[in-house]
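Participant: 3D model of this:
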Amino acid sequence: MALNVQWRWSMPQVANPDQVAAGNRQEFSSGLDALVSGLFRRDDKARQDAEIARQQANLDRQFAEQQEQRKIQNAMQERQFAEQKRMNDQALANQQWQLQKDQEQRQWMQKFYDQFFGDDPEYQELKQLREKFANAGGVSDSALIMMGLNPRLR
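Facilitator: Alright, predicted model coming up:
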């Protein structure tokens, strides 16, 4: 074969180098995009996790404060209840003491009357009449007379 002007010495082309470079650039670019988007997602996830942790810590703090407030409130209610119970017990003891004192006074007075007026027939008759008319139920003429009232003015 003779060399002439139209003959060119060149290697046979297997692939287009620009097309291969463009493919490599595209793959490299998509890899970088995936890497950057992964980094962004990691940062977003870290921010979300930090926000969730902050909210959880805030909720835990609020819960602890509420528990402490409930403890304080329960302690105050128990203290008020104990104070009210003490006051009620004191009032009951005072009432019982007063009733006992009144009963002792009534017994003493009954003994006194029995001792000084026990043999008196008028007092015995008055006592019998009081017992008789005490169970009559209502105000009788004799009760009005004993109270110093006139039964005719009724």
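Participant: now the strands: where do they sit in this protein?
Facilitator: Listed from the start of the chain, the chain has no strands (DSSP state E) to report.
Participant: Nearest the middle, which residue of it would you pick?
Facilitator: When C-alpha atoms, centre = their mean is applied to the chain, the residue found nearest the centroid is Arg70 (6.5 Å).
Participant: where's that one relative to Gln77, distance?
Facilitator: 10 Å (C-beta to C-beta, to the nearest Å). Placement of C-beta: from N, CA and C, glycine included.
Participant: Also Leu149?
Facilitator: For Leu149 relative to Gln77 (C-beta to C-beta), the value is 55 Å.
Participant: Same question for Lys111.
Facilitator: Plainly put, Lys111 is 50 Å away from Gln77 if you go by C-beta to C-beta.
Participant: and the helix of greatest length in the chain, how far out from the chain's middle?
Facilitator: Longest helix in the chain by number of residues, with DSSP state H as the criterion: helix 17-117. What separates the centre of helix 17-117 from the centre of its chain is 8 Å, taken as C-alpha atoms, centre = their mean, to the nearest Å.
Participant: Kindly provide the whole-number mean pLDDT of that helix.
Facilitator: Averaged across helix 17-117, the pLDDT comes to 92.
Participant: Tell me, domain by domain, which residues of the protein belong where.
Facilitator: Following automatic domain parsing, one finds the domains of the chain at 34-117, 118-154.
Participant: would JSON lines of these with distance to Val20 be doable?
Facilitator: Below are those laid out as JSON lines (distance: least, C-beta to C-beta, whole Å):
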{"stretch": "domain 34-117", "distance to Val20": "21"}
{"stretch": "domain 118-154", "distance to Val20": "127"}
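Participant: closest to Arg25 out of those domains?
Facilitator: Counting by C-beta to C-beta, Arg25 lies closest to domain 34-117 out of the domains of the chain; the figure is 14.9 Å.
Participant: Now Gly148. Its backbone dihedrals?
Facilitator: Taking degrees, to the nearest 10, you get phi 90, psi 20 for the backbone angles of Gly148.
Participant: how near is it to Phe117?
Facilitator: 20 Å.
Participant: same thing with Gln26?
Facilitator: Relative to Phe117, Gln26 is positioned 132 Å away (C-beta to C-beta).
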